[in-house]
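Engineer: I'll drop the sequence and a predicted model, then ask my questions.
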Amino acid sequence: AEVVIVGSEDEAGELAAGAMLELIRRRPDTVLGLATGSTPLSTYRALARRIGEDGLDVSRVRGFALDEYVGLPAGHPESYRQVITREVVEPLGLTPSLVHVPNGDPETIRTAAEAYDDAITAAGGVDLQILGIGRTGHIGFNEPGSSLASRTRVKTLTEQTRADNARFFDSPDDVPMHCVTQGIGTILQARHLVLLAFGEGKADAVAAAVEGPVSASQPGSAVQLHPHATVIVDEGAAAKLE
Ligand code: F6R
């Protein structure tokens, strides 16, 4: 992977947003792969600003989110459907029906997960996938031990990830136990991966992803299998790179 070390999250956001803008200019129906969590927020902010400045028509841009919690009530503010609406669809002015988030309804989850992979394929695949990385090394919610060939499916969140995400919920007990996530195999089919990571808390995961052995015990290391992966990190997240 190509590693770019930047001075700030905002600088990283400008870089990632620039790559997305260039794609959208070339192909107005570009398929964006969307991550949630804190990491991509500077990218979405920069992208929203620059779409506004350029008066770019994004009405045909399509999107697929990486993952969703299982079993949150519909409309829960921390469901990734709501987060994507709030942080991406609305500020960027995307067409809501063109932006997909896996369905976390436990009743239909198995068929919904397979259908999600099929929908990505039917859309022609993801052009640019934004990725964060968890302290466990997860990409999407593919926790350590996830097959590098995995497809969209239900997974159990690790206690570490539930604790890390507790900041978004009233109580740590409210963080769902399960999620539905694009598989590592699904993610690797995107044409360009842009992995972002900020802060020393991510330094071990970044070093393992970029320089460690490619292994299911470090899901982020799958980026080494991809012919076009860009890793954008700040000094903190780069601290353990050779
Ligand atoms: C989110 C996702 C996760 C996060 C990761 C980092 O859709 O798939 O892999 O990117 O947990 O989370 P933050 O950015 O909140 O540190």
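Structural biologist: Happy to help now that I have it. Numbering: from 1, shown residues only.

Engineer: which residues of this protein fall in strands?
Structural biologist: Per DSSP state E, the chain carries strands over the ranges 2-6, 31-34, 62-65, 67-69, 99-100, 128-131, 153-156, 178-181, 192-197, 229-234.

Engineer: what residues are up against residue 218?
Structural biologist: Residues near residue 218 by C-beta atoms under 8 Å, 6 or more residues apart in numbering: 137, 144, 205, 208, 209, 212. C-beta coordinates here come from the backbone N, C-alpha and C atoms, glycine included.

Engineer: for the ligand, what are the nearby residues on this protein?
Structural biologist: Taking C-beta under 6 Å from any ligand atom as the criterion, the chain approaches the ligand at residues 35-39, 66-67, 132-134, 138-141.

Engineer: now which of these would you call buried?
Structural biologist: Among those, those buried by neighbour count (16 or more other C-beta atoms under 10 Å) are 35-37, 39, 66-67, 132-134, 138-141.

Engineer: show me the longest helix that occurs in the protein.
Structural biologist: Using DSSP state H to define each element, the chain has its longest helix at helix 9-26.

Engineer: for it, buried residues please.
Structural biologist: For helix 9-26, burial by neighbour count (16+ other C-beta under 10 Å) applies to 9, 11-17, 19-21, 23-24.

Engineer: nearest to the ligand, of those?
Structural biologist: Taking C-beta to the nearest ligand atom as the measure, the ligand lies nearest residue 9 of those, at 10.5 Å.

Engineer: so how far is residue 202 from the closest one?
Structural biologist: 12 Å (C-beta to C-beta, to the nearest Å).

Engineer: re the thing from before, the longest helix of the chain to strand 2-6, inter-axis angle?
Structural biologist: Comparing the axes of helix 9-26 and strand 2-6 via axes from the mean of the first three to the mean of the last three C-alpha atoms, to 10 degrees yields an angle of 130 degrees.

Engineer: so which residues of the chain form helices?
Structural biologist: With DSSP H as the criterion, the chain has helices spanning 9-26, 41-54, 80-84, 90-92, 109-122, 159-165, 184-188, 203-211.

Engineer: show me what the longest one is packed against.
Structural biologist: It refers to helix 9-26. Under the contact definition 3 or more C-beta pairs under 8 Å, 6 or more residues apart in numbering; DSSP states H and E, helix 9-26 sits against strand 2-6, helix 41-54, strand 128-131, strand 192-197, strand 229-234.
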